[in-house]
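Undergrad: Based on what follows, work out the 3D shape:
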Amino acid sequence: MGLGLAMLRTILLVGCGGFLGAVSRYFLAVRMSKALEGVRFPWAIFTVNMIGCFLIGVLASVFAAKEEWSAKEGFALFLIAGFLGSFTTFSTFGLETLTLLRENRVGVAASYVGASVVAGVLLVAAGFWIGGRWVNVSG
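TA: Have a look, this model is predicted:
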């Protein structure tokens, strides 16, 4: 049982967009980090995340109004799932939160934001701790 042509096309669209998004994030973050060397706030990644949030808002709005653009040529897959998906997942988080707010699900949106931030930081800390233990054991 192989991949159908439609699934292969989807994988290629997301993959190509993802490649470009990841390279763009890296390039922008490196350039900004060098330009802002010594600044304590992580402006490079913050800026990438905010650009991604703005772009996903623009694209979601355009694709909602012009459905044929997103479906016919796979633009939404390439740009949103691929490019912005690897440029920053924070943009997807922002869009999901806005969707909840627009659906008047304020409590769910607030819970989602709080849980995502707290759990995300705790899981990074846990992963950092476990990784440190793993390196010390195997090293």
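Undergrad: need the helices for the protein, in chain order.
TA: Assigned by DSSP state H, the helices in the chain fall at 5-35, 43-65, 67-72, 75-76, 85-87, 90-102, 106-138.
Undergrad: and those helices, which is most packed in?
TA: Between these, the one whose residues have the most neighbours on average, counting mean count of other CB atoms under 10 Å, is helix 85-87 (a mean of 22). All C-beta spots, glycine's among them, are computed from the backbone N, C-alpha and C.
Undergrad: And the contacts of that helix?
TA: Contact partners of helix 85-87, identified using CB atoms under 8 Å, 6 or more residues apart in numbering, comprise 14, 17-19, 21-22, 24-25, 48, 51-52, 55, 92.
Undergrad: let's see it at 10 Å
TA: When contacts are defined by CB atoms under 10 Å, 6 or more residues apart in numbering, helix 85-87 is touched by residues 14-15, 17-26, 28, 48-49, 51-52, 55-56, 77, 79, 91-92.
Undergrad: who are the neighbours in contact with the residue nearest the centre of the chain?
TA: Central residue check for the chain by CA atoms, centre = their mean: the C-alpha nearest the mean position is that of residue 89, 1.5 Å away. For residue 89, the residues meeting the contact criterion (CB under 10 Å, 6+ apart) are 49, 52.
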